[in-house]
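**Q** fold the following for me, if possible:
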Amino acid sequence: MSFGKSRNHEPSAYDRIPVNRATFDLHPRIIIVSDARLYREGLALSLARVDRVVVVGVADTVASALTCIEDNNPDVVLLDFAMPEALALPDTIAAARLAVKVVAFSVAETDDEICECAEAGIAGYVARNGSKEDLIAAIENAVRGEVVCSPRAAASLFRRLAAHVRTKRQRPPEAALTSREQDIIALIDRGLSNKEIARQLQIRLPTVKNHVHNILEKLQVRRRGAAAALLREPVLARATTQRLPSQQ
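**A** Numbering: from 1, shown residues only. Reported below is the predicted structural model:
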């Protein structure tokens, strides 16, 4: 088995834990992603002793997580939501079209963080005060395509959805974006990074970043992935695809 590690990874106790091959194909295969070594190793050691999941890898960055996913083909990625780059991982997985669920842990049950999880396409979450049993249940639910959240979290999501629908009805989608912004959101939907968009359109990287900021403001979303999702809505899609840039 291989593990997603940064170059300065040092051997740990977890690296020497054997995988129970009898349960390898019977239970969800997971990797754990956290930039805090104590968190990822402690959680890996704890879950390795549970017969309902199989830990197949650990990683400490988005890049090493992607390598770990490709090498180990897990069912679920356990993501430390406290990582500065945590929300970049679901986007990276989606862009790479990898069939893996993401379950976030260490989530503060605030309206903002709950909605950020939902907008990112995260398949489940466990609050900061959640237990190991809560984490295992979230993994199993994610594999089944289900998610369990508190009544408070459900209320937050319903409020955000209602606000989004009202905003969408009020704005004229065809006029929302300039032609250049339509080009950029189309490339975002294809999974291109800001640097790749700059090369594709032959413009400067800061210019791309400014356009992305304006797109998020106009569409009233927080993340690139959410903006790209709006591209698939029928009215906005009709306006955008008229200027869809051809791939080079």
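
**Q** for the protein, which spans come out with low pLDDT?
**A** Applying pLDDT under 70 to the chain flags the ranges 1-25, 164, 167-176, 231-248.

**Q** residue closest to the middle of this protein?
**A** Nearest to the mean C-alpha position of the chain, by C-alpha atoms, centre = their mean, lies P90 at 1.8 Å.

**Q** any idea how far T178 is from the residue nearest to it when sequence neighbours are not counted?
**A** Excluding its sequence neighbours, the residue lying closest to P90 (C-beta to C-beta, 6 or more residues apart in numbering) is A120, at 4.3 Å. C-betas here are computed from N, CA, C, even on glycine. To T178, A120 is 26 Å away according to C-beta to C-beta, to the nearest Å.

**Q** and these two? Which one has more around it.
**A** A120 (24 against 14; other C-beta atoms under 10 Å).

**Q** and that one, how far from L87?
**A** 5 Å.

**Q** how about V100?
**A** Distance of V100 to L87, given as C-beta to C-beta: 16 Å.

**Q** do H213 as well
**A** Applying C-beta to C-beta, the value for H213 to L87 is 16 Å.

**Q** so between these two, which is more surrounded?
**A** For H213 versus L87, the count of surrounding residues by other C-beta under 10 Å is larger for L87: 21 against 10.

**Q** contacts only, for the more buried one.
**A** 116, 120, 223 (C-beta atoms under 8 Å, 6 or more residues apart in numbering).

**Q** closest to Q182 out of the residues you listed?
**A** Closest approach between these and Q182, by C-beta to C-beta: R223, at 18.2 Å.

**Q** touching, that closest one and I215? I think so.
**A** No. Taking contacts as C-beta atoms under 8 Å, R223 lies outside contact range of I215: 10.8 Å.

**Q** if you count surrounding residues, which of these two has more?
**A** The residue with more neighbours, out of R223 and I215, is I215; 23 against 17, by other C-beta under 10 Å.

**Q** fine by me, we can end here.
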